[in-house]
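In: Sequence first, then the predicted structure:
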Amino acid sequence: MAEYVIYETVAVLQINNPPLNVLSHHVRRQLMSGLQQALQDTAVRSIVIMGKGQIFTAGADVKEFGTEKALSDPSLPTLVEAVAASNKPVVTAFHGTTLGGGVALALASHYRLAASSVKIGLPEVEIGIVPTCGVSQRLPRLVGLQTAVQMIVSAQTMSAQQALTTGLLDKVVSGDLLSEAVGFAKSVEVQALADRRVGSRAVPGADTAEDVLDAARKRLVRRSRGAIAPLTCLQAIQASLLPFETGMKREAELGQYLWTSWQTGALRYAFLAERTVKRWYLPGNKTVNYRTAEPLVINSVGVLGAGTMGVGITICLLQAGLKVVLIEANKTQLDKAVTLIQRSLGGRSHSKQLSHQAMQLRATTDYRQLGEVDLVIEAVFEDLALKRKVFQQLDSVTKPQAILATNTSGLDIDKIASATQRPDKVIGTHFFSPANVMRLLENIYGRHTSPETIATAMQLGATIGKVGVLVGNCPGFVGNRMKGLNFTEAMFLLEEGAEPQDVDKVLEEFGFAMGPFRVSDLAGGDVHWRRRIQAGLTTEQGPPPNTPLLYRQGNRYCPLADMLCMQGRFGQKTGAGWYRYESGSRAALPDAVVHRLILKHRQDNGLQRRNISSQEIVERCLYPLINEGFRILEEGLAAGPQDIDVIFLLGFGWPRHTGGPMYYADKVVGLGILLRCLEKYRALHPRSAHWVPSSLLQTMATQGTSLTAWAAGSRL
Ligand SMILES: CCCCCCCCCCCCC/C=C/C(=O)SCCNC(=O)CCNC(=O)[C@H](O)C(C)(C)COP(=O)(O)OP(=O)(O)OC[C@H]1O[C@@H](n2cnc3c(N)ncnc32)[C@H](O)[C@@H]1OP(=O)(O)O
């Protein structure tokens, strides 16, 4: 709700809708009624709008979007325009965080005041909408086009000091915000309002406007990759160069266009899904969940292995204020890791002046130093036998109540746990590289993992700023199990007529930052080659004896990746893979050697080249992966489609504006069409098991059930 209090001649309207003061319908109604009361009360000469609690407001109520409530009277635009039309001065005074609709209220006010710690931002583009309510028209008039573009299109927050410098704020206060705001409001009661109305101003620096907009447009065309919101927001900003009323009409048209687009639905889903997955539960036993399981308190963590992953994990633990014992048998490697960690945390090792965070690190070659830690994250080489040996050692050196986590991208958690006497305390914590940057933490529970251990791993993820997603134990877990199929089909497309750059281009246009072949070159082709060798699919010398070249273990198989690896072409690190790289450059250049290799492979094996459409590339690379997602749900390895989508959005660069693979299948492709497509390709490629539609998909498609609606109903 919103409270109404009078301080002499000042009416103070305080938003009180904990925890984040979102501008839900009831809040808007009360603010509007408070505003009208203040305007009618002759004793009131000025009005202050502020918020109670930890922040001013997180903006419009995103959970109302897509429902009638979002447009119910007073809608946010109506409220904002009522503030702008006030004939008594309105001062918006904010603290904590002020986002979206909160900024709209502030811009419509006559004065803006903020606490010095405030963060101001316009995250609308991230949920696929235009910052309407006059924001796209008033902000450029107040701070100039360059800053407006920066704020609206980047969605980054601004500090109070930056906002003061750009002219967004009139004053930054360090004392009590309420008394400062009331004092300020009194001081402006007799001031004329005409030139305080932002809408009546001209956009400063309009002479350089076209240059600013052109540069922004070029940047966005390069970066948006299919997302429509950023360029639409830019169009709205451009309209601020028109007379105010005309610009407002244009803003409303563009606002409506995005408001009704499927992409805003997808982006809003992604926003809520990231929060939904925190409310974890075991798909097979909902009584084990985030409410019933208590996490252990974790103060100190051991990290075993100081390779790239170990270093990244250590950095995020230290950044979260945890004590870390880093163990590495190789002293040279350990020293190198310590330098990297200190550098990353801002400590200056040469002057011995370390940051406070870096001082929480103890680096040693001695396992016994793990005796007192609350939890260990093992990050040694991805080899089951090695990990089992390490866990045996950990079991004997750590205290009995310590949790033992393994950073594996696909090995069997139960086999690792069975090397210890405490399988209930063993869990998989799959970090994504670079571990200190990527926000995903895939947590994998084994057959014996206790609820307490799960709750602790999920809590640890939140502590270190990651989004933890809980999944069941299967080869590759959820992410890699699904992702692997994308690459498999991408290679079949090469056999049938495509070149690596064709496949990459189509998937990059779809929205991925990099296509599968560029990703493979970046990650290093040898990583998966080793896995294929371990799985008995190939050998270092070629196919295993008495194995047909194009079929392995009963399925169609493309040996092209193996052939490249046998030539030592592992990708960027060797200067050549699916592409070639000129020395020191990361630019992937199409390579005649690869072209000839593919050509010869087709000729040797009687494979006919044909033209492959972009549509087919998308379907062949993405639909098997989605089908596998349905199988994962069917097998009870993920609680819902949100969990799978968050894994792909945060761990695999799946384009956010499509919501993630499961949302995309449900809301964009349609389950019926997906099913028919799988059946078509199954008929064409009978030796690829991944085209067999999952029974869950078949049931849903046949019954016309929506996956997201089904999931929303079953979620705790
Ligand atoms: C057909 C005609 C069409 C015409 C157009 C009609 C117009 C209709 C209105 C249009 C209005 C346009 C202009 C205004 C736009 C906006 O304001 S859009 C909203 C902008 N705000 C956001 O995007 C907020 C994003 N939130 C955050 O970044 C973070 O939540 C936070 C504020 C920084 C706090 O972070 P943290 O403390 O980590 O908390 P969280 O876990 O993220 O959130 C806690 C719970 O609060 C929920 N929540 C957060 N923000 C909102 C929100 N804006 N609305 C609703 N709910 C919100 C969040 O989901 C969490 O809840 P659970 O999901 O239940 O866990």
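Out: Thanks, I have the structure now.
In: For my notes, confirm residue 286 occurs in a helix.
Out: No. Counting by DSSP: H, G, I helix; E, B strand; the rest coil, one finds residue 286 to be strand, located in no helix.
In: Report the contact partners of it.
Out: Residue 286 sits next to residue 716 when contact means CB atoms under 8 Å, 6 or more residues apart in numbering. C-betas here are computed from N, CA, C, even on glycine.
In: what do you get for residue 318?
Out: Residue 318 sits next to 324, 341, 345, 357, 358, 360, 361 when contact means CB under 8 Å, 6+ apart.
In: Could you rerun that using 7 Å?
Out: 324, 345, 357, 358, 360, 361 (CB atoms under 7 Å, 6 or more residues apart in numbering).
In: host element of it?
Out: helix 308-319 (DSSP states H and E).
In: How about residue 33?
Out: Secondary structure assignment for residue 33, by DSSP H and E: helix 25-40.
In: which outside residues touch that helix?
Out: Taking CB under 7 Å, 6+ apart as the criterion, the residues outside helix 25-40 that touch it are 1-2, 4, 11, 13, 15, 17, 44, 47, 64, 69, 72, 74, 76, 79, 82-83, 86, 88.
In: Now do the same contact list for the residue of the stretch 101-250 of the chain found nearest the ligand.
Out: The stretch 101-250 of the chain approaches the ligand most closely through residue 101 (3.5 Å), counting by CB to the nearest ligand atom. Contact partners of residue 101, counting by CB under 7 Å, 6+ apart, are 23, 57, 59, 60, 76, 133.
In: neighbour-wise, which of these leads?
Out: Sorting the contacts of residue 101 by how many neighbours each has (other CB atoms under 10 Å) puts residue 133 first, at 32 neighbours.
In: Residue 104 is in contact with that residue, correct?
Out: Yes. Here residue 133 reaches residue 104: they are 3.7 Å apart, a contact under CB atoms under 7 Å.
In: neighbouring strands for the strand or helix carrying residue 326, and are they parallel or not?
Out: Using DSSP H and E, residue 326 sits in strand 323-327. In the sheet, strand 323-327 lines up against strand 300-304 (parallel), strand 361-364 (parallel) (DSSP bridges).
In: angle of it against helix 308-319?
Out: Orientation note: strand 323-327 sits at an angle of 160 degrees relative to helix 308-319 (axes from the mean of the first three to the mean of the last three CA atoms, to 10 degrees).
In: What mean pLDDT does strand 323-327 get?
Out: For strand 323-327, mean pLDDT rounds to 97.
In: which residues do residue 133 and residue 104 both contact?
Out: 76, 80.
In: doesn't residue 377 fall inside a strand?
Out: Yes. Residue state for residue 377 (three-state DSSP) corresponds to a strand.
In: what's the following helix or strand after the strand or helix carrying residue 504?
Out: For residue 504, the host element (DSSP H and E) is helix 500-510. Counting by DSSP H and E, the next helix or strand C-terminal to helix 500-510 is helix 516-523.
In: counting contacts, what elements does the following helix or strand past that next one pack onto?
Out: Downstream of helix 516-523, the next assigned helix or strand under DSSP H and E is helix 525-534. Helix 525-534 is packed against helix 560-566, with contacts defined by 3 or more CB pairs under 7 Å, 6 or more residues apart in numbering; DSSP states H and E.
In: Show me what the helix it packs on packs onto, helices and strands only.
Out: On a contact count with 3+ CB pairs under 7 Å, 6+ apart, helix 560-566 meets helix 479-496, helix 525-534, helix 592-604.
In: what does the average pLDDT come to for the second one?
Out: Just to be clear, that refers to helix 525-534. Throughout helix 525-534, pLDDT has a mean value of 91.
In: buried set for that helix?
Out: Neighbour counts over helix 525-534 (16 or more other CB atoms under 10 Å) mark 525, 526, 528, 529, 530, 531, 532, 533 as buried.
In: ok now it, how far from the chain's centre?
Out: Helix 525-534 has its average C-alpha position 28 Å from the chain's average C-alpha position, going by CA atoms, centre = their mean, to the nearest Å.
In: what do you get for the first one?
Out: Shown here is helix 479-496, whose average C-alpha point lies 23 Å from the average C-alpha point of the whole chain (CA atoms, centre = their mean).
In: go on, the last one?
Out: Computed by CA atoms, centre = their mean, the chain-centroid distance of helix 592-604 equals 38 Å.
In: ditto for stretch 264-275
Out: Stretch 264-275 sits 10 Å away from the centroid of its parent chain (CA atoms, centre = their mean).
In: on that earlier part again, what are the buried residues along the helix holding residue 33?
Out: For helix 25-40, using 16+ other CB under 10 Å, the buried residues are 25, 27, 28, 29, 30, 31, 32, 34, 35, 38, 39.
In: Could you do stretch 162-177 as well?
Out: 162, 163, 164, 166, 168, 169, 170, 172, 173, 177.
In: Restricting to C-alpha, output it in CSV.
Out: What follows is stretch 162-177 as a C-alpha-only set of coordinates in CSV (Å, rounded to 0.1, in the frame of the first residue of the first chain):
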residue,chain,number,x,y,z
GLN,A,162,26.7,9.8,-11.4
ALA,A,163,23.0,10.7,-11.4
LEU,A,164,23.8,14.1,-9.8
THR,A,165,26.6,14.8,-12.4
THR,A,166,24.4,13.9,-15.3
GLY,A,167,21.5,16.1,-14.0
LEU,A,168,19.1,13.3,-13.3
LEU,A,169,19.2,14.3,-9.6
ASP,A,170,18.8,17.7,-8.1
LYS,A,171,20.3,16.9,-4.8
VAL,A,172,22.0,14.0,-3.0
VAL,A,173,21.5,13.9,0.7
SER,A,174,23.3,12.0,3.4
GLY,A,175,21.0,12.8,6.4
ASP,A,176,17.5,11.5,7.2
LEU,A,177,15.8,11.3,3.8
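In: So what touches it?
Out: By CB under 7 Å, 6+ apart, the residues outside stretch 162-177 that reach it are 50, 93, 95, 111-116, 120, 142-143, 147, 160-161, 180, 184.
In: just the buried members of those?
Out: Applying 16+ other CB under 10 Å to the contacts of stretch 162-177 flags 50, 93, 95, 111-115, 120, 142-143, 147, 160, 180, 184 as buried.
In: just the residues you listed now: which is nearest residue 663?
Out: The closest of the buried ones among the contacts of stretch 162-177 to residue 663 turns out to be residue 120 (CB to CB; 30.4 Å).
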